[in-house]
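Novice: would you be able to build a 3D model of this:
(one chain, ligands or ions: 1)
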Amino acid sequence: MRHFVIVGILVIALAVLTYVGLNSAGLMPVPASAQAGPIDWLWDVQVKAMSFLFALIVVPMLYSLLVFRRKKGDTTDAVHVEGNTTLEIAWTIIPLFVVLGMAYIGAQNLGEIRRADPNAMVVNVTGFQWGWSFEYPDYGITSKELYLPVNKQVLLKMTSRDVIHSFWVPEFRVKQDLVPGRITELRITPTMLGDTYKVRCAEICGTSHAYMEQPVIVVEKVAFDAWVAEQQALAAGAGQTPEGRGLALVTANGCRGCHSIDGAPGVGPTWFQLAGSEVPLSGGGTVTADDAYLAESILQPQAKIVAGFETQQMPTYNFTEEQLADIIAYIKTLK
Ligand SMILES: [Cu+2]
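Specialist: Numbering: from 1, shown residues only. Reported below is the predicted structural model:
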């Protein structure tokens, strides 16, 4: 009996220590969505259960090793134990109810996370190698950044243009795959203002997977409306000129995920001062970056490979003559 009391006290002490230790490790970023609440609560329940089970296994094991070890000079056999039906029934029934209980709170939790608000704002998300594009169908705008008004549920309708990606903003906790040819949904209600959140890809998707990050900005409703108005004005003005339409195409197709416009290095060559320049080609020689070369680079990227970019692959695009002319007009403005 004395052994049980000592082991019991030690189990509780180690369980508490483990829980406090794990908790102070700060594994989670700030909870910034309504969905984070139930998830963090369930996580806490699991950490508590894990700490207790860890102590329940480790303490009796170490205690037995130390206290019941063979004494010096003792050569007798250990006690022969045949089995214990009561114990076996207990350690089957108790875990059964624990697991059923966990399944129940897990299902309830999932229901809470997925609860739909009929007034949710829809954003169409496209993932591609390697970036994101966000279309707001209610407002007719497309953005590189995910702007969200605080305390309003957003329904993300997501798809991929190439391979499987996964939408993940750690502060919002929830995560969902983007599958080519299919629309997957995710609901998020941001509850904390902030401009340092980032969406990242959580499904390895190629060489630049690690850089598949874009800003997520949560603002007050008024600031969001102002941003929408600004984007709409930009889009309306941009629609008037070839360069403006080109910029819109480049944004919508995620070219800027690989091409910088200011000379900065990237997955692909920068577009800064590209038009009219002499481009060194893989395997020697150069080519003048005239309209024909730019058009070919976009429609058949593999036709001529820029020196130094042999290991990177540009996806193939289909554009109409006018779209192509608009994109080239835009690239020409980058000098
Ligand atoms: Cu990805």
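
Novice: what about the residue lying closest to Arg256 once chain neighbours are set aside, which helix or strand?
Specialist: In space, and not counting its chain neighbours, Arg256 is closest to Val250: 6.2 Å by C-beta to C-beta, 6 or more residues apart in numbering. (Glycine included, C-beta is placed from N, CA and C.) For Val250, the host element (DSSP states H and E) is helix 242-252.

Novice: name the residues of that helix that are buried.
Specialist: Buried residues in helix 242-252, counted by 16 or more other C-beta atoms under 10 Å: 242-251.

Novice: run through who's touching that helix.
Specialist: Here helix 242-252 makes contact (C-beta atoms under 8 Å, 6 or more residues apart in numbering) with 133, 135, 142-144, 235, 237-239, 256, 319, 323, 325-333.

Novice: and that helix, how far from the chain's centre?
Specialist: Put simply, helix 242-252 sits 27 Å off its chain's centre (C-alpha atoms, centre = their mean, to the nearest Å).

Novice: and the next helix or strand after it, what's buried?
Specialist: Downstream of helix 242-252, the first helix or strand assigned by DSSP H and E is strand 278-280. For strand 278-280, the neighbour count (16+ other C-beta under 10 Å) marks Val279 as buried.

Novice: moving C-terminal from strand 278-280, which element do we reach first?
Specialist: strand 286-288.

Novice: what pairs with that following strand, parallel or antiparallel?
Specialist: According to DSSP bridges, strand 286-288 forms sheet pairs with strand 278-280 (antiparallel).

Novice: what average pLDDT does the strand it pairs with get?
Specialist: If you average the pLDDT over strand 278-280, you get 93.

Novice: what does it contact?
Specialist: The contact list for strand 278-280 (C-beta under 8 Å, 6+ apart) reads 269, 286-289, 293, 306-308.

Novice: how far does it sit from the chain's center?
Specialist: 37 Å.

Novice: over to stretch 323-335?
Specialist: Offset of stretch 323-335 from its chain centre (C-alpha atoms, centre = their mean): 32 Å.

Novice: cool, and stretch 292-299?
Specialist: Taking mean C-alpha positions (C-alpha atoms, centre = their mean), stretch 292-299 and its chain are 33 Å apart.

Novice: same question, stretch 73-83
Specialist: Relative to the centre of its chain, stretch 73-83 is centred 56 Å away, using C-alpha atoms, centre = their mean.

Novice: ok, stretch 209-228 next?
Specialist: Distance of stretch 209-228 from its chain centroid, counting by C-alpha atoms, centre = their mean, is 15 Å.

Novice: just the strands in the stretch 1-150 of the chain please.
Specialist: Under the criterion DSSP state E, counting those that start in this stretch, strands of the stretch 1-150 of the chain are mapped to 121-128, 131-136, 141-143, 146-149.

Novice: and the ones you listed, which one averages the lowest pLDDT?
Specialist: strand 141-143 (a mean of 88).

Novice: so which bits of this structure are right by the ion?
Specialist: Within the chain, the positions adjacent to the ion are 165, 201, 205, 212 by C-beta under 5 Å from the ion.

Novice: and these as TSV, adding secondary structure and pLDDT?
Specialist: Output for the residues of the chain next to the ion, formatted as TSV (DSSP: H, G, I helix; E, B strand; the rest coil; pLDDT from 0 to 100):
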residue	secondary structure	pLDDT
His165	strand	95
Cys201	strand	94
Cys205	coil	92
Met212	coil	91
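
Novice: from the residues you listed, pick the one nearest Asn23.
Specialist: Minimum distance to Asn23 across the residues of the chain next to the ion is 29.0 Å, recorded for Cys201 (C-beta to C-beta).

Novice: bridging residues for that closest one?
Specialist: Applying DSSP bridges to Cys201 gives these bridge partners: Phe167.

Novice: neighbours of it, just the number please.
Specialist: A total of 25 residues lie near Cys201 under the criterion other C-beta atoms under 10 Å.

Novice: tell me the contacts of it?
Specialist: By C-beta under 8 Å, 6+ apart, the contact list for Cys201 reads 127, 130, 165-168, 209, 212-213.
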